[in-house]
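Colleague: Just need the structure, nothing else, for what follows:
(2 chains)
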Amino acid sequence: MADEDEIILADLSDDELVLQMHDDLYDGLKEEIEEAVNLLIARGWTPYDVLTKALVAGMTIVGADFRDGILFVPEVLLAANAMKAGMFILKPLLVETGAPRMGKMVIGTVKGDIHDIGKNLVAMMMEGAGFEVLDLGINNSVEKYLDALEREQPDILGMSALLTTTMPYMKVVIDTMKEKGMRED
Amino acid sequence: MDDLTLTETGLDPAQTGRILLVACGALAHEILELKAANGWSHLDLQCLPAKLHLWPEKIIPAVEAAVETARADYETIFVVYADCGTGGLLQTACDRLGVEMVEGPHCYAFFQGNADFAARTETEFTAFYLTDFLVRQFDAFVWKPMGLDRHPELRDMYFGNYTKLVYQAQVNDPALDAKAEDCARRLGLAYERRFTGYGDLATTLQGVAAR
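Modeller: Model prediction:
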């Protein structure tokens, strides 16, 4: 039996539902986000509006509170998981409906580093902002980055590292790009 | 001296000795053991709260304050921290203060020996390391700060790319071995025990004590 205080998402107006989605993202409630995304689509919202007005706007609140020390990494990860679930529904619909594309990004964690939480968050938010993102994963050598750059011709290259011992590898990649005359492409 | 105190508040100096070691609370047991074993009564020890490691940016002002406060009372001050995630900024601060610090990126590098640790980088970058202190304080330093006590489903987001947990044993203690193996099980990682002793910490402090 449903709790008396339980919010029935389908009963909310569009404006109320969007605000509720912001709350649910904040609380990392994946199933609720999936349900709400489907509801808005069923009500005739464009996938792009669902993405930007509900999901990205909600994650912006999460990001600000993380920056301000109100939320911490575990809560941000739960919120990200909820957003990812919503994005999973929207992604094919965004392609079908010709949502605006801002550009292309290649992203990956540098050689010798396996940490990808930050990278995954950035990739997700860039997708939310309308970029096509090619994620190279972890432990990427300079050769892997350069291959992807030549193949994909992105507008942005993103490199990630957590360890202070692996961060300097970003400079190796940048210096190699300069040597090959690719830095200003 | 219990681990909770070392984690939360650290250890005040005894105000004896002409050389002060300003150290991480996670190293207190090992440094006091080395002091006792070598009769280094001229070394005094002050430990900063080990929990500073959860926010590396807080290590630098804490070390600066400790050095400035104690400077007039000791002939020499030596900082027993490695880089510890400060991205070279702790070394910069120590240079500015005119004090030396331990070489290496982390305690698990200097316990193993910085050269040996660096040599293994290519093959061991998927290893998650625990020292004696971190095994004892696993919940306080790993499980709870990462929210795994509340959200165990996040485990694979944090540790999915790791392949094994390496327990670097400073001492031989079957109870710690068993706890370390349990930590590996909780993280879903293969387990390897590696006895390191005190590694470069011992040789570094030997050099400091000889001054």
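Colleague: Just list the residues touching the residue in chain B that chain A sits nearest to, thanks.
Modeller: With C-beta to the nearest C-beta as the measure, B:Gly147 is the residue of chain B nearest to chain A, at 2.6 Å. C-beta here means a position set from N, CA and C on the backbone, and glycine is covered the same way. B:Gly147 makes contacts with A:Phe72, A:Val73, A:Pro74, A:Glu75, A:Leu77, B:Leu154, as judged by C-beta atoms under 8 Å, 6 or more residues apart in numbering or on different chains.
Colleague: Report the buried members of those residues.
Modeller: Buried members of the contacts of B:Gly147, counted by 16 or more other C-beta atoms under 10 Å in any protein chain shown: A:Val73, A:Pro74, A:Glu75, A:Leu77, B:Leu154.
Colleague: Would you agree the residue of chain B closest to chain A falls within a strand?
Modeller: No: applying DSSP: H, G, I helix; E, B strand; the rest coil, one finds B:Gly147 to be coil, outside a strand.
Colleague: Going toward the C-terminus from the stretch of helix or strand B:Lys179 belongs to, what's the next helix or strand?
Modeller: If you go by DSSP states H and E, B:Lys179 is part of helix B:174-187. Using DSSP H and E, the helix or strand that follows helix B:174-187 towards the C-terminus is strand B:190-195.
Colleague: Pairing partners for that following strand, with directions?
Modeller: Strand B:190-195 has the following strand partners under DSSP bridges: strand B:164-169 (parallel).
Colleague: avg pLDDT for the strand it pairs with?
Modeller: Strand B:164-169 shows a mean pLDDT of 98.
Colleague: Kindly export it (C-alpha atoms) in PDB.
Modeller: What follows is strand B:164-169, C-alpha atoms only, in PDB (Å, rounded to 0.1, in the frame of the first residue of the first chain):
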ATOM      1  CA  LYS B 164      44.000  -6.000  -6.200                       C
ATOM      2  CA  LEU B 165      44.500  -4.700  -2.700                       C
ATOM      3  CA  VAL B 166      48.100  -4.700  -1.600                       C
ATOM      4  CA  TYR B 167      48.600  -4.700   2.200                       C
ATOM      5  CA  GLN B 168      52.000  -3.300   2.900                       C
ATOM      6  CA  ALA B 169      52.700  -4.700   6.300                       C
END
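Colleague: I'd like to know the phi and psi angles of the nearest residue to A:Asp155 once chain neighbours are set aside, please.
Modeller: Residue nearest to A:Asp155 in three dimensions, not counting chain neighbours: A:Gly103, with 3.8 Å by C-beta to C-beta, 6 or more residues apart in numbering or on different chains. Phi and psi for A:Gly103, reported as degrees, to the nearest 10, are phi 150, psi -170.
Colleague: coming back round to it: adding distance to B:Asp73, write the contacts of B:Gly147 out as CSV.
Modeller: Converted to CSV, the contacts of B:Gly147 look like this (distance: C-beta to C-beta, whole Å):
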residue, distance to B:Asp73
A:Phe72, 38
A:Val73, 39
A:Pro74, 42
A:Glu75, 44
A:Leu77, 45
B:Leu154, 46
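Colleague: Could you list which of those belong to helices?
Modeller: Under the assignment DSSP state H, these contribute A:Val73, A:Pro74, A:Glu75, A:Leu77 to helices.
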